[in-house]
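*Asks:* coords please:
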Amino acid sequence: MSISPPLGLLRDPDFGRLFAATALGQLGDRIIFLALPLVAIAALHADEFQVGLLASMTTAGSLLVGLPAGAWVDRMRKRSVMIGADLLRALTLLTIPAAWWAHLLTIGWLYTVALVHGVLTVFFDVAYVSYLPHVVGRGNLVEGNSKLSAIRSVTSISGPTLAGPLIGLVGAPATLLVSSAGMAVSGLLASTIGKREEEPEPSAHPQLGREIKEGLKFVLTHPALRAITAGDAIFNLFLVMYQTMLLVFLQRELGIGPVGVGLVLSGMGCGALLGALLATTFAKRVGQGRVIWLASLVTCPWTVLMPLARPGWSLYAAAVGLASLSLGGVVRVVAQSSLQQALTPDRLLGRMSATARFVSWGGIPVGGFLGGAAGSACGAAGTLWIGAAGMTLSALPNVLSPLRTGHSRDSR
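*Replies:* You can find the predicted model right below:
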């Protein structure tokens, strides 16, 4: 039975704890998004290619463990995986300020931390997506995803706003202490959630390869899930190319300091928050299938304003364009995440999530590498043009699928 507004699911104590844990974990994550590349750019004087390679290391875990992670998570309690991943991520991040203070920090160290943190994030995200239907019930998935997206959007605003001045005050390496604390407290909060799943029944003859193949087949043979995953893969590849050079463009070509960069990214968070607040309404009025492709088609083109920007009013317009991208991105993700969870049986949730993540996130390390290479060849502004065009074209797989007319549940 669905829980009605205004507070809705927030009246449920377990969802409230998950909501709070998400807020703290995402706050730490948003600070990492700004602080980690700035450690490379400002503290270690990394060049464009090294910044791109760092972005690749951050997301390479999706390629390394993306598919087996789903099969492994389906064999375990999702809540336990989330707690363990959060605590280990907190410890991993602590090594950066420790190495900095000991004068041992190198770009290679950053690559290693980014890779380990990314692998742990794969396990956390797969478990998180699989755990939500257990906490809220399948009838509340759109509301649950919408509320969690809203708090993620709030942290997208507050994270860079907090990180910018902190970086200016204590430096990027020390700022990562805040990220580590957020991850640790998130894991502790998750441990207080009362709804505990029954331990999955062990298979008599567990075969990792067979289980991975089952998840792949389910996602790639379902027209709606296949289209969502393909669209995500294209979008994420070009988004990372864009993001990789965004900080370089803002800091080196426009001369904006950490506080200004934080404000621009906070504007993106404002767009994401508005998208989270409107996601349920859009899904109901436009249709859950249609809104997935319309959101990208309407909002992605505005990102071309950034490479055209100069200090002054054009930069403000470009910031609004980035906010528009975030708004559309959240509306799309809420709709497609809820649809993916609703179309997937419980026993396959982990593998569905891992398969979708592997395919759609698999291009992210490539995007970071290509972003760095394109930045070296075409400059930061040229790379932003390429990223904007690619993100807009990501709507095509969904437009060419049953989602074009909103049909999805009976599309197998």
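*Asks:* What values do phi and psi take at Gly255?
*Replies:* phi 70, psi 30 (degrees, to the nearest 10).
*Asks:* no no, Arg75
*Replies:* Note on Arg75: backbone dihedrals following degrees, to the nearest 10 are phi -90, psi -10.
*Asks:* Over to the one 5 residues further on?
*Replies:* Torsion angles at Ser80 (phi, psi; degrees, to the nearest 10) stand at phi -70, psi -40.
*Asks:* So which residues of the stretch 101-250 of the chain form helices?
*Replies:* For the stretch 101-250 of the chain, the helices defined by DSSP state H, counting those that start in this stretch cover 107-136, 141-170, 172-190, 208-221, 223-248.
*Asks:* which of those helices has the lowest average pLDDT?
*Replies:* With a mean of 74, helix 141-170 has the lowest mean pLDDT of the helices of the stretch 101-250 of the chain.
*Asks:* Between the helices of the stretch 101-250 of the chain, which one is closest to Val286.
*Replies:* With Cβ to Cβ as the criterion, Val286 lies closest to helix 141-170 of those, at 12.9 Å. For the C-beta atoms, the positions are set from N, CA and C on the backbone; glycine is no exception.
*Asks:* Which secondary structure element of this structure has the lowest mean pLDDT?
*Replies:* Lowest on mean pLDDT, DSSP states H and E among the helices and strands of the chain sits helix 141-170, with a mean of 74.
*Asks:* Looking at the helices of the stretch 101-250 of the chain, which is nearest to Ala71?
*Replies:* Of all the helices of the stretch 101-250 of the chain, it is helix 208-221 that lies closest to Ala71, at 4.0 Å by Cβ to Cβ.
*Asks:* now the angle between helix 223-248 and that closest one, please.
*Replies:* 90 degrees (axes from the mean of the first three to the mean of the last three Cα atoms, to 10 degrees).
*Asks:* quick one: contacts of helix 208-221?
*Replies:* Helix 208-221 has contacts (Cβ atoms under 8 Å, 6 or more residues apart in numbering) with 67-68, 70-72, 74, 203, 225-226, 229, 344, 348, 350-352, 354-356, 359, 412.
*Asks:* Give me the buried stretch members for that helix, please.
*Replies:* Burial within helix 208-221, assessed by neighbour count using 16 or more other Cβ atoms under 10 Å, is assigned to 211-212, 214-216, 218-219.
*Asks:* okay, the helices of the stretch 101-250 of the chain in a markdown table with distance to Ala35 next?
*Replies:* As requested, the helices of the stretch 101-250 of the chain are arranged in a markdown table below (distance: least, Cβ to Cβ, whole Å):
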| stretch | distance to Ala35 |
| --- | --- |
| helix 107-136 | 11 |
| helix 141-170 | 6 |
| helix 172-190 | 5 |
| helix 208-221 | 34 |
| helix 223-248 | 11 |
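*Asks:* Mind checking the ones you listed for the one nearest to Gly367?
*Replies:* Across the helices of the stretch 101-250 of the chain, Gly367 has its closest neighbour in helix 223-248 (3.3 Å, Cβ to Cβ).
*Asks:* and that closest one, which residues are buried?
*Replies:* Of the residues in helix 223-248, 224-248 count as buried by neighbour count, 16+ other Cβ under 10 Å.
*Asks:* can you check stretch 78-94 too?
*Replies:* Buried residues in stretch 78-94, counted by 16+ other Cβ under 10 Å: 78-79, 81-90, 92-94.
*Asks:* That one: how far from the chain's middle?
*Replies:* Its chain's C-alpha centre and that of stretch 78-94 lie 17 Å apart, by Cα atoms, centre = their mean, to the nearest Å.
*Asks:* Residues in contact with that stretch: which ones?
*Replies:* Here stretch 78-94 makes contact (Cβ under 8 Å, 6+ apart) with 21, 25, 28, 32, 73, 113, 116-117, 120-121, 123-124, 126-128, 130-131, 134, 176-177, 179-181, 183-184, 186-188, 190-191, 193, 196-197, 350.
*Asks:* Need the buried ones from those residues selected in ChimeraX.
*Replies:* Selecting just the buried residues from those in ChimeraX takes one command, with 16+ other Cβ under 10 Å as the test:
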select :21,25,28,32,73,113,116,117,120,121,123,124,126,127,128,130,131,134,176,177,179,180,181,183,184,186,187,190,193,350
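*Asks:* SS state for Pro307?
*Replies:* Secondary structure, DSSP: H, G, I helix; E, B strand; the rest coil: Pro307 is coil.
*Asks:* What is the neighbour count of Thr106?
*Replies:* 10 (other Cβ atoms under 10 Å).
*Asks:* Which residue, other than its chain neighbours, is closest to it?
*Replies:* Leaving out its chain neighbours, the residue that sits closest to Thr106 by Cβ to Cβ, 6 or more residues apart in numbering is Leu44, at 7.3 Å.
*Asks:* May I have the phi/psi pair for that neighbour?
*Replies:* Per-residue torsions, Leu44: phi -110, psi 0 (degrees, to the nearest 10).
*Asks:* Would you mind confirming that it makes contact with Leu110?
*Replies:* Yes - under the criterion of Cβ atoms under 8 Å, Leu44 makes contact with Leu110 at 7.2 Å.
*Asks:* When these two are compared, which one has more neighbours?
*Replies:* Neighbours were counted for Leu44 and for Leu110 using other Cβ under 10 Å; Leu110 has more, 25 against 18.
*Asks:* and the more buried one, what is it in contact with?
*Replies:* Taking Cβ under 8 Å, 6+ apart, we find Leu110 in contact with 36, 39-40, 44, 54, 57, 96.
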